[in-house]
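Asks: Could you look at this predicted model? Sequence included:
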Amino acid sequence: MDNRRLLGTVAGAALVLGAAWFGVDLAGDSTAPSTPPRESAQSSTAPRSPTESAARSPSATRERTCPLDTLPEQAELVVADILAGGPFDHPEHDGKHFGNYERRLPRENNSYYREYTVETPGLRHRGERRIITGGGTDRDPDVWYYTDDHYDSFCLIPDAEENR
């Protein structure tokens, strides 16, 4: 009896992990709103980034915005690279699937989102900054997001394609 219970527990865990890996919603509630981004737990009242600044704004909506000129200059370079179709600084990662496993962005099909690294000067690794695109084509996404805290929070880049 104990072996069957253990086997059932292991099988259930494998099912949940496999579903999370492939972005499957086991609850089946596709109409539920996406989880809103969490605010930073930082105690300082001075915002450290456009993402955090928007989160603390009293008029912040569920989908916060961060115009391209408020982001680090490296983000502008990545936007230009995306629109040009590359090349990218991290081709093994950039332009690849972003799973939205934390569900901080609106729920979409499994292949909707792609991620790109925004370099952080002084780091010898990819860092926490990313641009996430969704829908459209590789060179003409429908939606653009920025995160500077490795997917904890996002803001919508409304003007990413304006200087095309």
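Replies: Noted; the coordinates are in hand. Residues are numbered from 1 along each chain as shown.

Asks: Do a quick rundown of the strands in the chain.
Replies: 96-97, 113-117, 130-134, 143-147, 155-156 (DSSP state E).

Asks: Which stretches in this structure count as helices?
Replies: 2-22, 50-56, 73-84 (DSSP state H).

Asks: Out of those, name the one with the poorest average pLDDT.
Replies: Mean pLDDT is lowest for helix 50-56 out of the helices of the chain, coming in at a mean of 40.

Asks: related to what we said a few turns ago, ranking the strands of the chain by burial, who's on top?
Replies: When those are scored by mean count of other Cβ atoms under 10 Å, the highest mean neighbour count falls to strand 143-147 (a mean of 24). Quick note: C-beta positions are derived from backbone N, CA and C, even for glycine.

Asks: helices or strands next to it in the packing?
Replies: helix 50-56, strand 130-134, strand 155-156 (3 or more Cβ pairs under 8 Å, 6 or more residues apart in numbering; DSSP states H and E).

Asks: what does the second one rub up against?
Replies: Right, strand 130-134. 75, 78-79, 82, 98, 105, 108, 112-118, 141-147, 150-151, 154, 157 (Cβ atoms under 8 Å, 6 or more residues apart in numbering).

Asks: ok and it relative to strand 113-117, angle-wise?
Replies: Counting by axes from the mean of the first three to the mean of the last three Cα atoms, to 10 degrees, strand 130-134 lies at 160 degrees to strand 113-117.
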